[in-house]
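1. make a model of this:
(one chain, ligands or ions: 1)
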Amino acid sequence: MMNIKYLEKSRLFKLDTNNTSYVIGVVDEEGFLGHAYYGARIADDDVSYLMRIYENPKVPSVNNRDRSSFLDTFPTEFSGNNVGDYRESAIAVTDKNGASGIQFLYKGHRIIDGKPGIKGLPATFEGESKAMTLEIDVVDATLGIEGTLSYSIFEDSDAITRSVRIKNSSEDTIYLDKLMSMCLDMDDNNYKMLMLHGSWARERHIEYRQIGYGKQSVSSTRGESSHQEHPFIALVGENTTQNTGEVYGFNFVYSGNFLAQVEKNQFDSLRVVMGIHPDNFRFKLNAGDEFYAPEVVMVYSNNGLGQMTRTYHDLYRNHLIRSPYLKKPRPVLINNWEATYFDFDNEKLLDIARTAKECGIEMLVMDDGWFGYRNDDNSSLGDWQVNENKIKGGLKKFVDDVNAIGLKFGIWFEPEMISPDSDLYRAHPDWAIAIPDRIPCRSRNQYVLDLTRPEVRDYAYNCVANILKSANIEYVKWDMNRQLTDISSACLDKDRQGELMHRYVLAMYEMQERLITDFPNLLLENCSGGGARFDPGMFYYSPQIWCSDDTDAIERLSIQEGTALIYPLSTMGAHVSVCPNHTVGRNTPFETRGNVALAGTFGYELDVTKLSEEDKAAIPKQIDIYHKYNELIRLGDYYRLASYSKNNLYDCYEVVSKDKSEALITFVQVLNQPNMHSVNIKIDGLDDNKIYRIEGTDEAYRGLTLKNAGLLISRPWGDFQSMLIHLVEE
Ligand code: GLA
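-> Predicted coordinates:
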């Protein structure tokens, strides 16, 4: 049972999820807030000894001369700055005198039912099960700055969420130079650091780093969570596998700049911090002002990486994604980007729509190029009027035509951007983010709109809303194709320029909130040059995100493995495209492209009128397979059984229904090998005692047998071949 208690005698807070405990201590007369324990569940014993407060140097009340050494060794719950702890600070300020010292001490606390939201920010919520929250008030009495450290737990989850808010309760203005959302001190146990690294078309590849002395971090200062590094790290035990061993995961519910860092100090203890990146960040807080730091989701598992994965998947499905589509099958869509790029008109799209309909596809999505005079990526962002040279007769007529064919209709936008070659830019050059007197950096020949200005935000939002109101549009792909540079706003005071990056993210969230409020039935898919803003923050607004511009089935194995390490399969935008693949030139079987896309939202990104008869004929079959398995894939438990990125030969993963009555195994033989036995794959997640039949055969085995002895999978002939194996309870 989950619970949060205050153990009065030992001055400890104890948070218990079903299988984990997290213990915070109040120490010494001064009220230092320390971290005692995080890990597998423990009893309600007094574990204050874990904070080592009676080892040398002792607490300040016993050994006041040595206060700085105390702070530098004490496992703190939230580190201060410039007063003795030389490790990474969780907060930094500049006070009225220009000094930067700050140290929070315990002031009070509340244990409440439920989970309050975080103003202006995405956050997990109580949902259909129960949640409890601990709020610890802290204060720096010298500065008059107060803080609240919040911790929430859920009845149906082993995740613990954390966030921080601070308030300037003094009469003076202060500047907040840094505020991490979490700080966790713990002993090192030879952990490795797992991170997700990538680039455009190669997002979220799993990487391990040995944790050495000093600091190791991943971060983004690009104004979005980014292709390159991801707001997730995990500490992974030396011998941890998919189903054994320890792992601590940390995921940031935020879509802008972040820092995730592990520091190993002289005593072999670790400090993990995660929060908004302090570079280009400075918030002015006048008397009475507050600042809310985004949420971190921590998951501890001592049953391997797989259990951590499933905890994140369930938490995000049950407590973060709000869209009504979360629990509904998504329409099988066809997107014209790889089919036509900018070269299309209504006739071409209607041809695609007609053939798509014959194949069983359910929605046409018109991608980039339908507005302004955009025939390549050099113009028109900001001019969101339909180009009637391409869409003759206008959008309403075109959407009606698509609907008449029997398809739903969706559309692409990039509302946060402005092309220098656009009517909008000619009218409002100051709407672009730029530093005065400096030529701003272009990327994809475009600038970023300063959404922190209400008039700019309203303009951008209304462009989207007006188009949506003008026709029967049921889906939007919201793209963001460049990262932020030249950070400066024409409308912020000099001493508030450091607020722009965070205010930008808040403004974008506000626009998305308006969109889903005004159009509650809209299916929203976020996107950013592929998957550069694929993060939990965005899932609060959209149930799916385009995972990568790489649609090659083999590259996708690694991208989807890294993405599914934390995010549910139902969130991963995945499409079947043509070969040779447009990003890697690889030829893979149509069937494999379908099988791999099945582990995501599933759809097509090709000109169906140009397919060979054989491939075209395969589509209705693939769509039947999608419908057959989609509920299982959307709602089930995901198990990683083998990894091509590790073995360089084959990939294998499985989804098991919650009631364990069926499972779908996907096996992809990336490289064939001569003269080899069939592959033995141990099938996890089944009910030990149930008997499962391999659909289409007479073979049936007990779950326990499949788990321990494994299933023999005979290698398909050729490279890039794949198969689906459906296990059904007898
Ligand atoms: C990004 C997206 C693509 C496509 C293009 C259009 O790269 O990821 O899917 O929409 O923009 O310009």
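2. so residue 391, which state does it fall into?
-> coil (DSSP: H, G, I helix; E, B strand; the rest coil).
3. same deal with residue 381?
-> Once three-state DSSP is applied, residue 381 turns out coil.
4. from what I can see it touches residue 413, true?
-> No: using CB atoms under 8 Å, residue 381 makes no contact with residue 413, being 9.6 Å away. Yep, even glycine has a C-beta here, placed from its N, CA and C like the rest.
5. who has more neighbours, the two?
-> residue 381 (32 against 23; other CB atoms under 10 Å).
6. quick one: contacts for that one?
-> 372, 374, 414, 417-419, 422, 424, 446 (CB atoms under 8 Å, 6 or more residues apart in numbering).
7. among those, which are in strands?
-> Among the contacts of residue 381, DSSP state E puts 417-418 in strands.
8. what's near enough to touch the residue nearest to the spatial centre of the chain?
-> Centroid-nearest residue in the chain: residue 535, 2.1 Å away (criterion: CA atoms, centre = their mean). Residue 535 sits next to 225, 230-231, 252-255 when contact means CB under 8 Å, 6+ apart.
9. for it, grab phi and psi.
-> Dihedral angles of residue 535 (phi, psi; degrees, to the nearest 10) stand at phi -150, psi 170.
10. what of the one 10 residues further on?
-> Main-chain torsions, residue 545, degrees, to the nearest 10: phi -140, psi 140.
11. any idea how far it lies from the ligand?
-> Distance, residue 545 to the ligand, by CB to the nearest ligand atom, to the nearest Å: 10 Å.
12. ok, back up a step: so what's the residue nearest to the centre of the chain closest to, chain neighbours aside?
-> Once flanking residues are discounted, residue 535 sits nearest to residue 225: 4.1 Å by CB to CB, 6 or more residues apart in numbering.
13. low-scoring pLDDT stretches of the stretch 551-700 of the chain, where are they?
-> Scanning the stretch 551-700 of the chain for pLDDT under 70 picks out nothing.
14. that one: strands as residue ranges?
-> Applying DSSP state E, counting those that start in this stretch to the stretch 551-700 of the chain gives strands spanning 572-573, 576-577, 603-605, 637-642, 650-656, 662-669, 679-681, 691-694, 700-702.
15. enumerate the residues of the stretch 401-550 of the chain near the ligand.
-> Neighbours of the ligand within the stretch 401-550 of the chain, by CB under 6 Å from any ligand atom: 412, 479, 481, 527, 529-530, 546, 549.
16. please tabulate the residues you listed in CSV and include pLDDT and neighbour count as additional columns.
-> Below are those laid out as CSV (pLDDT from 0 to 100; neighbours: other CB atoms under 10 Å):
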residue, pLDDT, neighbour count
412, 99, 21
479, 98, 22
481, 98, 19
527, 98, 27
529, 98, 22
530, 98, 26
546, 98, 27
549, 98, 20
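17. in strands, which of those residues fall?
-> Per DSSP E, strands hold the following members of these: 412, 546.
18. residue of the stretch 1-150 of the chain nearest the ligand, please.
-> residue 122 (21.4 Å; CB to the nearest ligand atom).
19. find the closest residue to the ligand in this structure.
-> Residue nearest to the ligand within the chain (CB to the nearest ligand atom): residue 368, separated by 3.4 Å.
20. hey, what's the nearest residue to that residue once chain neighbours are set aside bridged with?
-> Leaving out its chain neighbours, the residue that sits closest to residue 368 by CB to CB, 6+ apart is residue 412, at 5.3 Å. In this entry, residue 412 is beta-bridged to residue 477, by DSSP bridges.
21. what does residue 26 give?
-> Applying DSSP bridges to residue 26, the residues it is bridged with are residue 33.
22. if I pick the spatially closest residue to residue 393 that is not a sequence neighbour, what's in contact with it?
-> Counting by CB to CB, 6+ apart, residue 393 lies nearest to residue 346, which is 7.0 Å off, once chain neighbours are set aside. Going by CB under 8 Å, 6+ apart, residue 346 touches 390-393, 398, 401.
23. list only buried entries from the residues you listed.
-> 390-391, 398, 401 (16 or more other CB atoms under 10 Å).
24. ok, which stretches of this protein are helices?
-> Per DSSP state H, the chain carries helices over the ranges 67-73, 304-319, 337-340, 346-359, 395-405, 423-427, 454-470, 500-518, 536-539, 553-564, 590-597, 613-635, 644-647, 703-708.
25. list of residues touching the third one?
-> Under the criterion CB under 8 Å, 6+ apart, residues 348-349, 352, 367-369, 412, 551, 577-578, 582, 605-608 lie in contact with helix 337-340.
26. between which two of these is the distance greatest?
-> Within the contacts of helix 337-340, 348 and 551 form the most distant pair, 20.2 Å apart (CB to CB).
27. between the two, which one's more packed in?
-> The residue with more neighbours, out of residue 348 and residue 551, is residue 551; 28 against 16, by other CB under 10 Å.
28. is the more buried one in contact with residue 575, as I believe?
-> Yes: using CB under 8 Å, residue 551 is in contact with residue 575, at 5.6 Å.
29. joint contacts of these two?
-> residue 605.
30. hey, what's the closest residue to residue 474 other than its chain neighbours bridged with?
-> Counting by CB to CB, 6+ apart, residue 474 lies nearest to residue 408, which is 4.7 Å off, once chain neighbours are set aside. Judged by DSSP bridges, the bridge partners of residue 408 are residue 363.
31. for the stretch 1-150 of the chain, which segments count as strands?
-> Ranges of strands in the stretch 1-150 of the chain, per DSSP E, counting those that start in this stretch, are 3-7, 12-16, 20-27, 32-40, 91-94, 105-113, 131-140, 145-154.
32. before we move on, the earlier item: looking at the helices of the chain, which is nearest to residue 198?
-> helix 553-564 (7.6 Å).
33. check which helices and strands that closest one is in contact with.
-> Judged by 3 or more CB pairs under 8 Å, 6 or more residues apart in numbering; DSSP states H and E, helix 553-564 is in contact with strand 205-210, strand 572-573, helix 590-597, strand 637-642, helix 644-647, strand 650-656, strand 662-669.
34. make CSV out of those and add distance to residue 114.
-> As requested, those are exported to CSV (distance: least, CB to CB, whole Å):
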stretch, distance to residue 114
strand 205-210, 35
strand 572-573, 31
helix 590-597, 39
strand 637-642, 27
helix 644-647, 41
strand 650-656, 31
strand 662-669, 35
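35. turn these into JSON lines, including mean neighbour count and distance to the ligand.
-> Converted to JSON lines, the helices and strands packed on helix 553-564 look like this (neighbours: other CB atoms under 10 Å; distance: least, CB to the nearest ligand atom, whole Å):
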{"stretch": "strand 205-210", "mean neighbour count": "14", "distance to the ligand": "18"}
{"stretch": "strand 572-573", "mean neighbour count": "25", "distance to the ligand": "9"}
{"stretch": "helix 590-597", "mean neighbour count": "24", "distance to the ligand": "14"}
{"stretch": "strand 637-642", "mean neighbour count": "20", "distance to the ligand": "24"}
{"stretch": "helix 644-647", "mean neighbour count": "14", "distance to the ligand": "23"}
{"stretch": "strand 650-656", "mean neighbour count": "23", "distance to the ligand": "24"}
{"stretch": "strand 662-669", "mean neighbour count": "23", "distance to the ligand": "23"}
